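Trainee: need a structure here:
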Amino acid sequence: MAIIETLLLLLLLCFIVLCHWRWSQQRSSPLTNWWVIGMLPGLLRNASRLHDFATEILNQSGGTFTFKGPWFGNMDMLVTADPANIHYILSKNFSNYPKGPEFRKIFDVLGDGIFNADSQLWENHRKTTMSLIKHAKFQDLLERITWQKVEKGLISVLDHISELGTEVDLQELFQRFTFDGICILLLGYDPGSLSIALPYIPCEKAFGDMEEAILYRHVFPESCWKLQKWLQIGKEKQLSMAWANFDQFLSQYISLKREEFSKIRGEMVEHQEEGFDFLAAYMEAYKVQSGGSIDSEKFLRDTLLSLMVAGRGTLSAALTWLFWLLSLHPLAEVKIREEIMSKLHLKEDEKLRLFSTEESRKLVYLHGALCEALRLFPPVSLEHKAPLVPDILPTGHHIDQNTKIILSFYSMGRMETIWGKDCLDFKPERWISEQGVKHEPSYKFPAFNAGPRSCVGKDMSFIQMKMISATIIYNYDIKVAEGHPISPNESILLHMKRGLKVRIAKRSV
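Mentor: The predicted structure follows:
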């Protein structure tokens, strides 16, 4: 009996020593690589703060880190926030890093849209989209739609809320604004989600469910999310419901446009009042490319959904983080108000009017504030790549064929090696030089991606963000609700987890 007790005591002692050793190893390394299960326990333990967790690991690892998953999970990946690697993957060796089948599998809801496309299909998408958004009539339409939605939607709702004196989720208002705006721009239809009644529109709410499911597909074993998809549970059930909402919403307006298109025998629709019809113009452009026939409804659906994701989610996320940052830095908000009055030549008590694209370029300090918000909280928090053939990155890391690589754009804005010791500070001045706006290379500031796949709507985004933010800053005081917790959501697009609860008061101007 004594021998058995002694053996048990020795086993217990060995277990304690082993645990202590593993704990000490874990303290000196970003993640513990356990036998069989790899680094999965650390990932699961930090699943509720994935973006900040990745940043901590990358800071400790010099900007690039190899994650080892369970031997049975196919989860091994390289995570990097090193500008040299970003530049190499997205620009210098672009052809070796297409979106590929794994990316399409994760983003299957977007079908053959521009985000998933490779090779000739991608080139056709980009060429067609750029030709349309560079059209002078499109620029006029964009300014007019944005300002009309500001006046008839945003201001009406903000005035109503300020009179009630109640709290409101500013993030939700921005999401509703951008959803309505992109629907008007692409479909010629205003769903009216941004109105005093704040109606529930399934398609508008479906974006959040889709974005969360896609992030989880990036970091958890494919077998897990495929099982959820088969069982229709968890995030995958939410994604399936979102998918159905997108299909139902878009098919309705594609069908209406097809009827209109057929009535005019395929000619470009150009309403005299609006001057430009994006969907009709896209259908006409694709008809020419495809040799005379308009392709299936699915292709149009995929194209429009991809553009809606870009126009709805990214802008609303950027604006939400901007106003939270301004609430922490009131002097910056004062400088923006002074710049608006000075550069737009407004007199005391004069209301803010519609300002043109050229006038918006004069708002340099506001531009700097937007860039800081985008640097610290890039709407697209990460990018997923895999090489066609084995490669060696500038940091010396050897990459096998089809190895999953995660480019952490969120972490890049928080790296001292990139932005200096004040990398966590909100400093609009960082973006201002004697000549005006200071530009940084996209592989250092990838808020709009980098290389050949850089965002085609970057200029369009700044026009809209300046119109919306200038209107609110000039006309209202925004106070974040006391004690309201702020953290990024676990989503492919960087929204706030619990929204941005604020109180709104009209300013006397």
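Trainee: For the stretch 1-150 of the chain, just list every one of the strands.
Mentor: 64-67, 77-80 (DSSP state E, counting those that start in this stretch).
Trainee: what residues does the first one touch?
Mentor: Among residues not part of strand 64-67, those counted as contacts by C-beta atoms under 8 Å, 6 or more residues apart in numbering are 30-31, 38-39, 43, 57-58, 75-82, 85, 393, 395, 397. To be clear about C-beta, it is placed using only N, CA and C from the backbone, and glycine gets the same treatment.
Trainee: Contacts only, for the nearest residue to Leu344 once chain neighbours are set aside.
Mentor: Here the nearest residue to Leu344 in space, its sequence neighbours aside, is Phe355; by C-beta to C-beta, 6 or more residues apart in numbering that works out to 5.6 Å. Applying C-beta under 8 Å, 6+ apart, we find Phe355 in contact with 344, 467, 470.
Trainee: before we move on, what about Gly38?
Mentor: So Gly38 contacts 67-71, 73, 75-76 (C-beta under 8 Å, 6+ apart).
Trainee: rerun at 6 Å
Mentor: When contacts are counted by C-beta atoms under 6 Å, 6 or more residues apart in numbering, Gly38 touches 68-70.
Trainee: now Val437
Mentor: 364, 367.
Trainee: How about it: which residues does it bridge to?
Mentor: Residues in a beta bridge with Val437, per DSSP bridges, are Ile432.
Trainee: how about the closest residue in space to Gly63 that isn't next to it in sequence, what does it touch?
Mentor: In space, and not counting its chain neighbours, Gly63 is closest to Asp82: 4.0 Å by C-beta to C-beta, 6+ apart. Neighbouring residues of Asp82 by C-beta under 6 Å, 6+ apart: 63-64, 395.
Trainee: And for Phe94?
Mentor: Contacts of Phe94 (C-beta under 6 Å, 6+ apart): 451-452.
Trainee: Go again with 8 Å.
Mentor: Phe94 makes contact with 451-453, according to C-beta under 8 Å, 6+ apart.
Trainee: residue ranges with poor pLDDT in this structure?
Mentor: Applying pLDDT under 70 to the chain flags residues 1-30, 261-275, 287-296, 509.
Trainee: What's the biggest helix in it, counting residues?
Mentor: As assigned by DSSP state H, the longest helix anywhere in the chain is helix 297-328.
Trainee: Point out the other helices and strands that the next helix or strand after that helix packs with.
Mentor: Sequence order places helix 330-343 as the next helix or strand after helix 297-328, per DSSP states H and E. If you count contacts as 3 or more C-beta pairs under 8 Å, 6 or more residues apart in numbering; DSSP states H and E, helix 330-343 packs onto helix 297-328, helix 364-376, helix 458-475.
Trainee: Out of the ones you listed, which gets nearest to Gly420?
Mentor: helix 364-376 (12.0 Å; C-beta to C-beta).
Trainee: ok so, going back, could I get the contacts of Phe94 as a markdown table with neighbour count and secondary structure?
Mentor: Shown next, in a markdown table, are the contacts of Phe94 (neighbours: other C-beta atoms under 10 Å; DSSP: H, G, I helix; E, B strand; the rest coil):
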| residue | neighbour count | secondary structure |
| --- | --- | --- |
| Gly451 | 18 | helix |
| Pro452 | 12 | helix |
| Arg453 | 19 | helix |
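Trainee: nearest to Leu322, of these?
Mentor: Arg453 (24.8 Å).
Trainee: Just the buried residues from the contacts of Asp82, in ChimeraX please.
Mentor: Buried subset of the contacts of Asp82, written as a ChimeraX selection, criterion 16 or more other C-beta atoms under 10 Å:
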select :63,64
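Trainee: residues touching Trp122, list them.
Mentor: Per C-beta under 8 Å, 6+ apart, neighbours of Trp122: 99, 114.
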